[in-house]
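J.: structure for the following, please:
(2 chains)
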Amino acid sequence: MVQAPKCLSIERRPIPSGRTIFTVSILAIVAALIVMAIFFAAYGVSPIRAYGAILRGALGNWSGFSETLRRMIPLLLCGVGLTVTLRALFWNIGADGQLLFGAIAATWVALFSGLHGPLVIPAMFAAGFLAGALWGLIPAVLKVKLGINDVITTLMMNYIAIYIVLYLIHGPWKGPSVRGYPLTDIFPPAAQLPTIGNTHVHWPTLLIGLVAAVVAYIMLNRMKSGFEIRVVGENPHAARYAGMSELKTVVIAMLISGGLAGIAGVGEVAGVQLRLLNPAQVSMGYGYTAIIVAWLARKNPLAVIVTSFFFGVLMAGGDVIKVNLGLPFQLINVFNGVIMFFLIGSEIFMHYKISLRRR
Amino acid sequence: MTSGSSGHGTNSNRGATPTAEYAIELRGIVKRFPGVVANDGVDLKVRRGEIHCLLGENGAGKTTLMRILYGLYRPDAGEILLNGTPIMFHSPRDALAHRIGMVHQHFRLVPTLTVEENVLLGLNEGTGPFLNLRKVRAKIKKISEDYGLPVDTRARVWQLSVGQQQRVEIIKALYRDADVLIMDEPTSVLTPQEVDQLFSTLRHLVDAGLTVIFITHKLDEVMEISDRVTVLRKGKAVATVDTADTNKAELARLMVGREVVFRLEKKPLHRGELLLEVRDIHALNDRGLPALRGVSFELYAGEILGVAGVSGNGQRELAEVLTGLRRVTRGRIVLNGKPMTNRSAREIADMQVAHIPTERKRMGTVPNMSIKENLILKSYRHPPFARGLFVDYQKAKENARRLMQEYKIIAPNEETAVKLLSGGNIQRVVLARELSGKPRLIIAAHPTYGLDVGATEQVREILLEQRDTGAGVLLISEDLEEVMTLSDRIMVMFSGEVMGIIDAAEAKIEEIGLMMAGEKREGVQSGTSAKVS
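T.: Here you go, the predicted structure:
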């Protein structure tokens, strides 16, 4: 008797289990790692050597690890915020601009507010949160009140933020002590965040990020506002029917998301750069990478702690392969793109069961 | 492998003269979904050239069984015989190649394409990249003439009525040479006239030698159209009988598993005080056109006011205006002496107004969230579910367990997502949520639409119970029989106006029919109130 050939069978599964989601996510990352191996090979670098260098460089010693943590901080803050907006079905592509606004506010407090002493740092965080939140508020109101597409407004407002920073550092805020470079002056010591040892790990910001992850998780799953955010995100018609205000809900979600991105901006200028400078150096695309971070965490704020660390490793590893192997840092951005590609592509595997069967 | 033991991948069955008695035979079909056994060893034998009804309540497993036959699902166990030959379909394309077609409850048509383009979808007609539309048109024309399926092949699908769209779906299947046609709840979207037309088409088809499997939960339809009927209950086939040898009562008993009372017990009316006063309200529809034009009426505590009318005559907008989802442009609404004109949905809900919405999946529930969370969709802001800024999910869980028992919601547990429930159980969730808060006014829009006998009976009983305990019910329904049996008074709407309000006890169906067609009852003028007689 001849065996019938095997064939693929595809079936829908109504609700994927936590284990399925985890497995599929891991497999998506593995697939991305394999594709990236081809890129490394194309540069003439053995993929094993490249991954080895990334791991050793990002985790193998204290200075590498601290670099990983430094990258993780803004990703954690932006990522936690994005899980909240994603739950409300609001597409905030503008975390990068909100981060820059936080940086602008922090710079103002540090250099131009006239504040001194121990109050400066709390004031910087508060101002940064507020600035990021307000910058995020504009697209939220535009969407709910006028139905303007959130992806487009949030994305476009990033560019406005970039040009405002450029204007400030080329114009009114250009430092008297920097000999014509487009930079502000260095922040006074009272406006510099404490770091762990000799590293760039500005721990107060990291702490805020970790607390934010826990608080966001509790809010989404235990609080009234979190319930509203989830209902609005899952079914806006039902939210309206139940008398929930979409405006209030989306505004709350965006205040949190924009505010946390703003705090990330405070951390970058007050903890790493110690001045406001070119936006590309302030942000390095954290707001965009955070979208992948939140997506990989499957919109769970607690899981963002893990995924932001993972992307911290990648970004720290990017510096290492640039220095040690002579590869362009941009390869890490390619890596991010490939991971996002596989993550979105893998959604189908969460909702469908695919197996080999005999006919 | 002996020849003929598997016909898959070939057209070996096509055109062969079938000798087996049964066109389709399903043996011991089992299909499990997480937490649910949809089909539990189902046997089904369908004779060639018959109309075979598959009868069962929502969630009995009818659609699942047919999706297995059509290659959309894979059974966990069991076998399928086509003309006596074992076979397993891996996709609808596979099923179609073996001449099995299916018309889904929700049509699979592309609205912006023409009828002929829709028929063509997925086929390779013509040479190279070019379509041979002339050939296609000729074949469609022949099909529509042979089987009495008139349709304009060049019309775009969005321009067609629902009945016409269904015809396109049938033509699609026939174009692919189907000789077994599966119809999934085909009448749920049709008007009575369209149903008659469909039935005459189906008779044409079986006269021409086709076999029809007809999924339904409506007993009248089974009695009218089928030759034989198989009853499914909770995933099992409980009986297959000749339609001529059975009756509605027996079928209902088989379907529900117990005796069904067709007559509801309605206690005498105890009309209480004036509850809702609607005065000359005007409102626009979504397109900004007048939808309500001077509607006035009163509703008293302890009565059911039925709203009859052909769909699209302002009933939807009336329900929305009364529940805070739409603004009135003129007029006023008073509830219990308190003005509620243009209050928000939240304020109105807090005035103890319950709303059973038309679209229970789109509006009435959050399908991806649990039963527990759906049951507190409105009450989460109030104690005992609200505790400061937090929601007390433990209380919500206790609430869910209690209501699931009280309203007979069938689900593995309170954490089950609502989207996994059957239509009847989803409606029970909505009812449990809306009615557990002791509402004074209940706006019920099409509360039994799409529900099976058991669930319909339960919903109607609940509404009567609410009436007897003193709530006022505004019952909007397109089911005239429902309006006439449940209501104390009947208000007929046409084109955004009230044509008249009559006592249900004296109501004649002809009179209501005339009013539904736009004839005003004597003494009713637009813009003035229609007083209780």
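J.: now do the buried residues in stretch B:431-442.
T.: Residues B:431-436, B:439-442 are the ones in stretch B:431-442 that count as buried (16 or more other Cβ atoms under 10 Å in any protein chain shown). Glycine gets a C-beta too; all of them are placed from N, C-alpha and C.
J.: any idea how far residue A:318 lies from residue A:67?
T.: Distance, residue A:318 to residue A:67, using Cβ to Cβ, to the nearest Å: 10 Å.
J.: could I get the buried residues of stretch B:431-442 as a markdown table with distance to residue A:278, pLDDT and secondary structure?
T.: As requested, those are exported to a markdown table (distance: Cβ to Cβ, whole Å; pLDDT from 0 to 100; DSSP: H, G, I helix; E, B strand; the rest coil):
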| residue | distance to residue A:278 | pLDDT | secondary structure |
| --- | --- | --- | --- |
| B:431 | 61 | 93 | helix |
| B:432 | 59 | 94 | helix |
| B:433 | 55 | 94 | helix |
| B:434 | 58 | 94 | helix |
| B:435 | 62 | 92 | helix |
| B:436 | 60 | 89 | coil |
| B:439 | 62 | 93 | coil |
| B:440 | 65 | 94 | coil |
| B:441 | 63 | 96 | strand |
| B:442 | 63 | 96 | strand |
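J.: closest to chain A among the residues you listed?
T.: Distance to chain A, by Cβ to the nearest Cβ, is smallest for residue B:433 among the buried residues of stretch B:431-442, at 9.4 Å.
J.: which non-adjacent residue is nearest that closest one?
T.: Closest residue to residue B:433 apart from its sequence neighbours, by Cβ to Cβ, 6 or more residues apart in numbering or on different chains: residue B:375 at 5.0 Å.
J.: ok, that neighbour - contacts?
T.: B:396, B:399-400, B:403, B:429, B:432-433, B:436 (Cβ atoms under 8 Å, 6 or more residues apart in numbering or on different chains).
J.: if we go to 10 Å?
T.: B:365, B:385, B:396-397, B:399-400, B:402-404, B:407, B:409, B:414, B:418, B:429-430, B:432-433, B:436 (Cβ atoms under 10 Å, 6 or more residues apart in numbering or on different chains).
J.: same thing with residue A:187?
T.: Counted by Cβ under 10 Å, 6+ apart, residue A:187 has contacts A:106-107, A:109-111, A:120, A:124, A:193, A:269-270, A:273-276.
J.: what do you get for residue A:203?
T.: By Cβ under 10 Å, 6+ apart, the contact set of residue A:203 is A:69, A:73, A:193-196, A:267, A:271.
J.: where does pLDDT dip in chain B?
T.: B:1-19, B:34-35, B:126-127, B:188-189, B:191-192, B:258-264, B:522-533 (pLDDT under 70).
J.: can you name the residue of it nearest to chain A?
T.: For chain B, Cβ to the nearest Cβ, closest residue to chain A: residue B:346, 3.0 Å.
J.: grab the nearest non-local neighbour of that residue.
T.: Closest to residue B:346 by Cβ to Cβ, 6+ apart is residue A:243, at 3.0 Å.
J.: next one: residue B:88
T.: Using Cβ to Cβ, 6+ apart, the closest residue to residue B:88 is residue B:80 (6.3 Å).
J.: check residue B:401 too.
T.: residue B:414 (5.9 Å).
J.: in contact with the one you found, which residues?
T.: Residue B:414 neighbours (Cβ under 10 Å, 6+ apart): B:370-375, B:396-404.
J.: just the buried ones from these, in ChimeraX syntax?
T.: Selection of buried members from the contacts of residue B:414 for ChimeraX, criterion 16+ other Cβ under 10 Å:
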select /B:370,371,372,373,374,375,396,397,399,400,403,404
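J.: which strand or helix spans residue B:55?
T.: strand B:51-56 (DSSP states H and E).
J.: coming back round to it: and the residue nearest to residue B:88, how close does it get to residue A:202?
T.: The value you get for residue B:80 to residue A:202, if Cβ to Cβ is used, is 66 Å.
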